[in-house]
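Participant: Attaching a predicted model along with its sequence, questions to come.
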Amino acid sequence: DSGVTQTPKHLITATGQRVTLRCSPRSGDLSVYWYQQSLDQGLQFLIQYYNGEERAKGNILERFSAQQFPDLHSELNLSSLELGDSALYFCASSVALAGRYNEQFFGPGTRLTVL
Amino acid sequence: TQLLEQSPQFLSIQEGENLTVYCNSSSVFSSLQWYRQEPGEGPVLLVTVVTGGEVKKLKRLTFQFGDARKDSSLHITAAQPGDTGLYLCAGLPPNTGNQFYFGTGTSLTVIP
């Protein structure tokens, strides 16, 4: 158990819909990261928040948005869903903002299926 | 842009055999990490290497960072079924902030 929690574990929805994925970081961790993992693209970095502020952006679509709340939990919002958005979505947290030894602790993931 | 290529993509071996997986790039990294991901779970960090030529050992696992800090290898001695999983390398390019780029992954199956 990494100490990072994600809900829900599974989500099945239809194209065009909007969903919200939730992440609670490890106690004391200020950084939260979101990743998308699919069979053909591997693990892709989406976005990072540190203490409530967006600090790095990766390959995140405009239909996707995220935020980190004062209690440090984070939500990833996916809208106008397409079949290709079906994937595992991971949240990770770390103590530090950055650094060569920065260790990310990953949650168990949310499996999103778009039908 | 895929910065890190891992090989082989899939590997199935018998218990007790040795194996090596590779993580290659044309880019230099200031740091390189190896993770293992088991089915239904998130990746778990195994090791971080930061110095060119660095070798780290974790029980039966030996990690090496290339001299030019562009590639890395993971060698497992006497593989066990518990080693089964997806092995991911992740590199931190210099001067780009916080983002680790993950490799394509090697899926290892150790058959009892």
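Facilitator: Here it is on my side, so go on. None of the values given here were measured: they were computed from a predicted structure.

Participant: CA atoms for contacts and neighbours, from now on please.
Facilitator: Noted.

Participant: how about the strands in chain B?
Facilitator: Chain-ordered strands for chain B, with DSSP state E as the definition, fall at B:5-7, B:10-14, B:19-24, B:31-37, B:44-49, B:55-58, B:61-65, B:71-76, B:85-92, B:101-102, B:106-111.

Participant: Show me what counts as buried in the third one.
Facilitator: Taking 16 or more other CA atoms under 10 Å in any protein chain shown as the basis for neighbour counts, the residues of strand B:19-24 that come out buried are B:19, B:21-24.

Participant: Can you say which of the strands of chain B is nearest to chain A?
Facilitator: Judged by CA to the nearest CA, the one of those that comes nearest to chain A is strand B:31-37, at 5.2 Å.

Participant: hmm, back to that, out of the buried residues of strand B:19-24, which comes closest to B:Tyr87?
Facilitator: Proximity of the buried residues of strand B:19-24 to B:Tyr87 (CA to CA) peaks at B:Val21, which lies at 8.6 Å.

Participant: I figured that closest one hits B:Phe10, correct?
Facilitator: No. Using CA atoms under 8 Å as the test, B:Val21 is too far from B:Phe10 to be in contact (9.8 Å).

Participant: Give me the common contacts of those two.
Facilitator: Shared between the contact lists of B:Val21 and B:Phe10 (criterion: CA atoms under 8 Å, 6 or more residues apart in numbering or on different chains) are residues B:Thr106.

Participant: quick revisit: among the strands of chain B, which is nearest A:Phe45?
Facilitator: Closest among the strands of chain B, using CA to CA: strand B:101-102, at 7.3 Å.

Participant: Work out the gap between the closest one and the centre of the chain.
Facilitator: Going by CA atoms, centre = their mean, to the nearest Å, the spacing between the C-alpha centre of strand B:101-102 and its chain's C-alpha centre is 11 Å.

Participant: what's around residue 53, how many residues?
Facilitator: This is for chain A. Residue neighbour count, defined by other CA atoms under 10 Å in any protein chain shown, stands at 12 for A:Glu53.

Participant: Oops, wrong one, chain B.
Facilitator: Counted with other CA under 10 Å, the neighbours of B:Gly53 add up to 15.

Participant: wait, what's in contact with it?
Facilitator: With the criterion set at CA under 8 Å, 6+ apart, B:Gly53 makes contact with B:64-69.

Participant: Switch the strands of chain B over to a markdown table; also include mean pLDDT and distance to chain A.
Facilitator: What follows is the strands of chain B, written out as a markdown table (pLDDT from 0 to 100; distance: least, CA to the nearest CA, whole Å):
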| stretch | mean pLDDT | distance to chain A |
| --- | --- | --- |
| strand B:5-7 | 95 | 11 |
| strand B:10-14 | 97 | 13 |
| strand B:19-24 | 97 | 14 |
| strand B:31-37 | 95 | 5 |
| strand B:44-49 | 95 | 6 |
| strand B:55-58 | 96 | 14 |
| strand B:61-65 | 97 | 14 |
| strand B:71-76 | 97 | 16 |
| strand B:85-92 | 95 | 7 |
| strand B:101-102 | 90 | 6 |
| strand B:106-111 | 97 | 11 |
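
Participant: Indicate which one of those is closest to A:Phe105.
Facilitator: With CA to CA as the measure, strand B:44-49 is the member of these nearest A:Phe105 (6.9 Å).

Participant: just checking, A:Lys57 touches A:Tyr49?
Facilitator: No. Applying CA under 8 Å as the test, A:Lys57 and A:Tyr49 come out as separate, 9.1 Å apart.
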